[in-house]
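Asks: build the 3D model from these lines:
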Amino acid sequence: MQGIALVVGVSGIIGNNTARELLANGWKVYGLSRNPTNDTAVAGVIPVAANLLDAGSVQAALKDVSPTHVFFATWTRRPTEAENIEVNSAMVRNVLTALSPKKCVRHIDLVTGLKHYLGPFDAYVTGGFRPVTPLREEQSRLDLPNFYYAQEDEVYAAAKRDGFTWTIQRPHTVIGKAIGNAMNMGSTLAVYASICKEAGRKFRWPGSEGQWNGICDVTDARVLAKHLVWAANTVAAQNEAFNVVNGDYFRWSWLWPRIAKWFDVEWVGWDGEIHPLEAQMADAPAIWAKMVKKHGLKEADLDRLASPWHTDLDLGRPIEIMTDMTKSREAGFHVFQSSEKSFTNLFAQLRAEKLIP
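Replies: Sure, this is the predicted structure:
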């Protein structure tokens, strides 16, 4: 089935790939972002500009847009979880409220993540809470404030009011290309490794012992996009939540040397202490500026490629993360992706597009 899609957050890793997958399957696609730009545009997507925190802006932007399906793939970070709850629930509410009078929406896909099981950043970074792994969708909400829960509740309330179905997708760390995205481990590691090579430094593991030695998984943005489109067309996915990861597992102690080999840099693993990327890359802007000139790179603003703070949060967790995909498999979703190739495919794309040397 093809429909009329509204991708909220089309400029991000998830939204960008979802728009491409929808177009490839014959959908009409509107892409909503705050500031549509040429370097994040997807050919064939009809751009819609709105400030999601301004209900009037959203209503005006969607005045002539009547989607059958809404794919919500964006969020904004605030200093406290209470603020995260306030602003991120408002963004979902503003979109669904603006569309409500039209009665056009048949299905909503909301992308959240594994913090559903781990709690907000402060909870899982400290390691005070250790979830039972593999993470399964049947695990109940934590007794902690969490903006994911608030977003879900907005969807549930609107679905009850307007009669549409919904699916919740919970990916792990999403690997893919998106310029200007604030949560971009793949590009961050590519930039870090490139700087290490340029400066003659070692590719030093920045995270915890738990992440270095523990089991981990990630989500390829292309896999998540396929899952979103699959869910929109699958009765068994209606009114259900699904984990979405590549389907394989790895240890960073195995993958880190392989990434180093791809970039031809010497690596250092866990040495007894954490070496945050934010500290290791403190002088990166000056080095990057020289690299841009030397190699003719296309993106001079390092902050649009790398987000060390977010990668530090992921790699600094003192716990392993292993996600169960049985529910999706039993419902009929069988897409699989090598996680190593998720990274190396991205690295090759960044290099081909002159975003890294």
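Asks: now do the strands in this protein.
Replies: In the chain, the strands defined using DSSP state E lie at 4-8, 28-33, 46-49, 69-72, 107-111, 165-171, 174-175, 203-204, 215-216, 219-220, 240-244, 250-251, 267-268.
Asks: how many other residues sit next to residue 287?
Replies: Residue 287 has 17 neighbouring residues, counting by other CB atoms under 10 Å. The C-beta positions use only the backbone N, C-alpha and C, and glycine is treated the same way.
Asks: next one: it relative to residue 340, how far apart?
Replies: Distance, residue 287 to residue 340, using CB to CB, to the nearest Å: 27 Å.
Asks: could I get the strands of the chain as TSV with mean neighbour count?
Replies: As requested, these are exported to TSV (neighbours: other CB atoms under 10 Å):
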stretch	mean neighbour count
strand 4-8	27
strand 28-33	24
strand 46-49	15
strand 69-72	29
strand 107-111	25
strand 165-171	23
strand 174-175	27
strand 203-204	21
strand 215-216	20
strand 219-220	29
strand 240-244	21
strand 250-251	16
strand 267-268	15
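Asks: for residue 174, which residues are in contact?
Replies: Neighbour list for residue 174: 13-14, 183, 218-221, 224 [criterion: CB atoms under 8 Å, 6 or more residues apart in numbering].
Asks: out of those, which two sit at the greatest distance?
Replies: Maximum pairwise distance among the contacts of residue 174 (CB to CB): 14.7 Å, between 183 and 220.
Asks: next up, the contacts around residue 75.
Replies: 9, 84, 88, 91, 147, 151.
Asks: among these, which are in helices?
Replies: Counting by DSSP state H, the part of the contacts of residue 75 found in helices is 84, 88, 91, 147, 151.
Asks: quick one: end-to-end distance for stretch 216-226.
Replies: Using CA to CA, to the nearest Å, the end-to-end distance of stretch 216-226 comes to 22 Å.
Asks: grab the nearest non-local neighbour of residue 60.
Replies: Once flanking residues are discounted, residue 60 sits nearest to residue 50: 7.4 Å by CB to CB, 6 or more residues apart in numbering.
Asks: go ahead and confirm that neighbour touches residue 56.
Replies: No: using CB atoms under 8 Å, residue 50 is not in contact with residue 56; the gap is 9.5 Å.
Asks: of these two, which one has the most company?
Replies: Neighbour tally, residue 50 and residue 56, criterion other CB under 10 Å: the higher count belongs to residue 50, 22 against 11.
Asks: quick one: that one from residue 35, how far?
Replies: Distance from residue 50 to residue 35, by CB to CB: 10 Å.
Asks: separation between residue 20 and residue 178?
Replies: Distance, residue 20 to residue 178, using CB to CB: 12 Å.
Asks: please say which of these two ends up with more neighbours.
Replies: The neighbour count for residue 20 versus residue 178, taken as other CB under 10 Å, is higher for residue 178 (23 against 19).
Asks: confidence-wise, which helix or strand of this structure is lowest on average?
Replies: One helix or strand of the chain scores below all others by mean pLDDT, DSSP states H and E: helix 121-126, with a mean of 64.
Asks: quick one on the thing from earlier: and of the strands of the chain, who's closest to residue 351?
Replies: Closest to residue 351 of these is strand 174-175 (CB to CB; 15.5 Å).
Asks: list the strands paired with the closest one, with their directions.
Replies: If you go by DSSP bridges, strand 174-175 pairs up with strand 219-220 (parallel).
Asks: for the closest residue to residue 248 other than its chain neighbours, list the residues it contacts.
Replies: Excluding its sequence neighbours, the residue lying closest to residue 248 (CB to CB, 6+ apart) is residue 339, at 5.5 Å. Counting by CB under 8 Å, 6+ apart, residue 339 makes contact with 175, 217-218, 220, 246, 248, 250, 255.
Asks: count of residues packed around residue 101?
Replies: For residue 101, the tally of surrounding residues (other CB under 10 Å) stands at 9.
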